[in-house]
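[1] Pasting a predicted model and its sequence here:
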Amino acid sequence: MVQRHDADAFMTADGDDWRDDPRWLELTLEKRAAALTRMAVIERYLSMERRSAQEADRCAAELGIGRSRFYGLCKLWERSRSPVPLAPYSEPVVPKRPSVKAERAAEIETKVGSALASTRDRTPNAIVDTVARDWGEGTAPPARETLRRFVMQAIAREETDGGEVLRREANEVARGFGEVVVFDHCLVDIFADDGPLPRRPTLTLAIDLFTGAPIGHAVAMAPPGPGMIVAAIEDATRRSASLAGDPVRPRIIVGSSYSADWTRLIERFRSSGIVMSGRRSPQLPFGAPTARLVGPRLGRLRLLARAGHEEDGATAGFDPAKHPVLTIEQARSVIVTNIASVLADRLGEDGGRPLQFDLVNEVDGVDWGRDGNET
């Protein structure tokens, strides 16, 4: 394999370092190696003075692919100057929402309608699971996000109150963006450096109930705490500040434990005039609301529920021969990129409004810190 030492060798056609591309950071070590091998063979082929079909066949055979596929990868490399799109099962350089033809749309709508008629559950991701599970053998089911879009449209047509669309979670009802924000925690299935043993980062999400959009987040290399809720609120406030429309003051749903730090956070919400609901229990909710409202994936990232109460869940399954170990900064970059992708899909260009939580700074002298944990 060609060894690349100069800094320019890592620059893409856009002038960015492809080693910092979140899509590269997400790849397993095996896929990274395959992408670099393809890059080396392609560069060797493109550097030839005379490129014959026979040479292309030899290079393609070296990579275990056909000539047409090899030519396609060469074009990708020349256009991007990055190994990212060369990786097996990689996304296109410029992802596009696939169009759905009329016949296919009618098939999806029929199957979604059957699923809605067979259950009283109107949780979007539960309906998506039902449709995918019962799809049948005639055709392959569409991508999950495509299914979810059709499910949301179907629910919007049927679940109305005087013409208004409703979304429900716990005892709350949302009729528009920002009215209700649900907080939840899960693990992201990537590994980051955390001392002697890499672990999966903990992700706290602030999820808009009406759209299922993850409008705020916090990342930590530890189990969730009250400060991660505060950090997610601050992130949601910043992200939504540039949105159009009149500001909205959300009601919130937050699960909590009986510990003193959670009690102080609840008092902080009350002091701020925030209307809050949510169950208190010995263990925090972990992933179930996220699975219902966002889905099992955040963009390309797999989310793990019910695995984060113990450290074993955060470290289980790590294989140094398979899993790259990211820095916490790289892990945050990967997560932020995927959140942006989901937000763009769920909110569109004109969706959302500025959120105003107006959370007071301190309660009883507690310093909540900047890293998501009380200090």
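    Noted; the coordinates are in hand.

[2] which residues in the stretch 251-375 of the chain form strands?
    Ranges of strands within the stretch 251-375 of the chain are 251-253, 276-277, 297-298, 301-304, 325-326, based on DSSP state E, counting those that start in this stretch.

[3] for the stretch 101-250 of the chain, that is, sorry about that
    Using DSSP E, counting those that start in this stretch, the strands assigned to the stretch 101-250 of the chain run over residues 160-161, 164-165, 167-169, 172-174, 180-188, 191-192, 202-208, 214-220.

[4] What is the fourth one packed up against?
    To tie it back to what came earlier, the one meant is strand 172-174. Here strand 172-174 touches strand 167-169, strand 180-188, going by 3 or more Cβ pairs under 8 Å, 6 or more residues apart in numbering; DSSP states H and E. (Glycine included, C-beta is placed from N, CA and C.)

[5] sorry, back to before: output the strands of the stretch 251-375 of the chain as CSV; include the columns mean pLDDT.
    Shown next, in CSV, are these (pLDDT from 0 to 100):
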stretch, mean pLDDT
strand 251-253, 95
strand 276-277, 92
strand 297-298, 91
strand 301-304, 91
strand 325-326, 94
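
[6] so can I have TSV of those strands showing mean neighbour count?
    Shown next, in TSV, are the strands of the stretch 251-375 of the chain (neighbours: other Cβ atoms under 10 Å):
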stretch	mean neighbour count
strand 251-253	20
strand 276-277	15
strand 297-298	19
strand 301-304	19
strand 325-326	18
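
[7] out of these, nearest to Pro214?
    Comparing these against Pro214 with Cβ to Cβ, the closest turns out to be strand 297-298 (6.8 Å).

[8] and that closest one, how far from the chain's centre?
    Put simply, strand 297-298 sits 4 Å off its chain's centre (Cα atoms, centre = their mean, to the nearest Å).

[9] Helices along this protein, start to end?
    Remark: helices assigned in the chain by DSSP state H are 22-26, 29-46, 53-63, 67-80, 102-117, 124-133, 144-158, 226-240, 260-271, 288-293, 311-315, 328-347.

[10] which residues touch the fifth one?
    Helix 102-117 is contacted from outside by 100, 122, 127, 130-131, 134-135, 139, 142, 146-147, 150-151, 154-155, 158, using Cβ atoms under 8 Å, 6 or more residues apart in numbering.

[11] sorry, back to before: tell me which of the strands of the stretch 251-375 of the chain sits nearest to Gly245.
    Set against Gly245 and scored by Cβ to Cβ, the strands of the stretch 251-375 of the chain come closest in strand 251-253, at 17.7 Å.

[12] in the sheet, who's paired with the closest residue to Phe10 other than its chain neighbours?
    Distances taken as Cβ to Cβ, 6 or more residues apart in numbering place Asp17 nearest to Phe10, at 5.0 Å, with adjacent residues excluded. Per DSSP bridges, the residues bridged to Asp17 are Met11.

[13] for Gly255, what are its contacts?
    Going by Cβ under 8 Å, 6+ apart, Gly255 touches Phe183, Asp184, Gly278, Arg279, Arg280, Ser281, Leu284, Pro285.

[14] what's the spacing between Gly225 and Ala117?
    Separation of Gly225 from Ala117 (Cβ to Cβ, to the nearest Å): 43 Å.

[15] I meant Ala305, not that one.
    From Ala305 to Ala117 the distance is 28 Å (Cβ to Cβ).

[16] which of the two has more neighbours?
    Neighbours were counted for Ala305 and for Ala117 using other Cβ atoms under 10 Å; Ala305 has more, 18 against 8.

[17] So the more buried one sits against Pro285, correct?
    No - contact status for Ala305 versus Pro285: not in contact, 9.3 Å apart, counting by Cβ atoms under 8 Å.

[18] outside of stretch 187-198, which residues touch it?
    Stretch 187-198 has contacts (Cβ under 8 Å, 6+ apart) with 25-26, 199-203, 219, 221, 287, 298, 301-304, 307-308, 313-315, 318, 323-328, 330-331, 334-335.

[19] Buried subset of these as a PyMOL selection?
    The PyMOL command for the buried members of these (criterion: 16 or more other Cβ atoms under 10 Å) is given here:
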select buried, resi 25+26+199+200+201+202+203+219+221+287+298+301+303+304+307+308+313+314+323+324+325+326+330+331+334+335
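
[20] Around Arg32, how many other residues sit close by?
    A count of nearby residues for Arg32, using other Cβ under 10 Å, gives 17.

[21] For it, give me the pLDDT.
    Looking at Arg32, its pLDDT reads 94.

[22] Over to Leu243?
    In this model, Leu243 carries a pLDDT of 86.

[23] Mind putting the strands of the stretch 101-250 of the chain into a markdown table with mean pLDDT and distance to Glu62?
    A markdown table is the format used below for those (pLDDT from 0 to 100; distance: least, Cβ to Cβ, whole Å):
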| stretch | mean pLDDT | distance to Glu62 |
| --- | --- | --- |
| strand 160-161 | 55 | 59 |
| strand 164-165 | 61 | 55 |
| strand 167-169 | 76 | 53 |
| strand 172-174 | 85 | 55 |
| strand 180-188 | 95 | 36 |
| strand 191-192 | 94 | 31 |
| strand 202-208 | 96 | 40 |
| strand 214-220 | 96 | 40 |
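
[24] Good, wrapping up.
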